[in-house]
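> Give me a 3D structure for the following:
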Amino acid sequence: MSTHQLQSSANCDFGKNSALHARFKDLLCAIETVDDADEKKVHMAEVVVLAAVAVGPFPALLAAQTGYPRSFIQSIAHHMEKAHLWIGGLVDDAEWCDTNGELCREGLFTHALVALGRLEREETESKVRYIDVETGESVIEWQYCGDVSDQLVCKSCGHNWSLQ
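Below you'll find the predicted structure:
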């Protein structure tokens, strides 16, 4: 991918969410400087997941916006739809923000791993669980917070996420 494509990708419209735009630009810079192919691929998946907020979860638009191969985008779309994170033209980005409305990079990173097919997402009435595809082990589990149905708490680290 050329630097020109990366620079044009930085024009994604994230509305009033400057934190998403800042993270998007950081990822584009990281992709240019990272030598590790696996780390680069995760960053690319984060870019696609973020770009979906701006242009929608539509592979043709995402491929045009990012300059990434359509096959890469199609694979991401498949995994995100299977996880019910992209449904009917909508992007579920609720797990990306903490209870203060700040961008939670862990949530975005988790969704990037889902996008790459490394994690599967299961949701029940009481929790959201992410399972490592290779091991079958639950690696992240968020429990809905008692009376507060719009928040999750990570069972391993105690971090709270707002689902508003």
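> This structure: helices as residue ranges?
With helices called from DSSP state H, the chain shows them at 3-9, 18-33, 37-55, 59-66, 70-82, 105-115.
> Identify the residue spatially nearest to I87, adjacent ones excluded.
Counting by CB to CB, 6 or more residues apart in numbering, I87 lies nearest to E81, which is 7.1 Å off, once chain neighbours are set aside. Using the backbone N, CA and C atoms, a C-beta is placed for each residue, glycine as well.
> From Q74, how far off is that neighbour?
E81 sits 11 Å away from Q74, going by CB to CB, to the nearest Å.
> Make a markdown table out of the helices of the chain and add mean pLDDT.
Shown next, in a markdown table, are the helices of the chain (pLDDT from 0 to 100):
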| stretch | mean pLDDT |
| --- | --- |
| helix 3-9 | 33 |
| helix 18-33 | 74 |
| helix 37-55 | 90 |
| helix 59-66 | 92 |
| helix 70-82 | 97 |
| helix 105-115 | 91 |
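> Distance to G136 and mean neighbour count added to those helices, as TSV?
Below are the helices of the chain laid out as TSV (distance: least, CB to CB, whole Å; neighbours: other CB atoms under 10 Å):
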stretch	distance to G136	mean neighbour count
helix 3-9	35	14
helix 18-33	29	16
helix 37-55	21	20
helix 59-66	29	19
helix 70-82	17	18
helix 105-115	15	21
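> want to throw the ones you listed into a markdown table with distance to Y130?
Shown next, in a markdown table, are these (distance: least, CB to CB, whole Å):
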| stretch | distance to Y130 |
| --- | --- |
| helix 3-9 | 27 |
| helix 18-33 | 20 |
| helix 37-55 | 14 |
| helix 59-66 | 23 |
| helix 70-82 | 12 |
| helix 105-115 | 6 |
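> Relative to D93, which of those is closest?
Between D93 and the helices of the chain, the shortest separation by CB to CB is 5.8 Å, and it involves helix 37-55.
> Helix 18-33 and the closest one, what's the angle between them?
Helix 37-55 runs at 150 degrees relative to helix 18-33, counting by axes from the mean of the first three to the mean of the last three CA atoms, to 10 degrees.
> what comes into contact with helix 37-55?
With CB atoms under 8 Å, 6 or more residues apart in numbering as the test, helix 37-55 has contacts from 9, 12-14, 17, 20, 23-24, 27-28, 30-31, 34, 61-62, 65-66, 68, 72-73, 76, 80, 86, 91, 93, 108-109, 111-113, 115-116.
> repeat that with 6 Å
By CB atoms under 6 Å, 6 or more residues apart in numbering, the residues outside helix 37-55 that reach it are 12-14, 24, 27, 30-31, 34, 61-62, 65-66, 76, 91, 93, 108, 111-112, 115-116.
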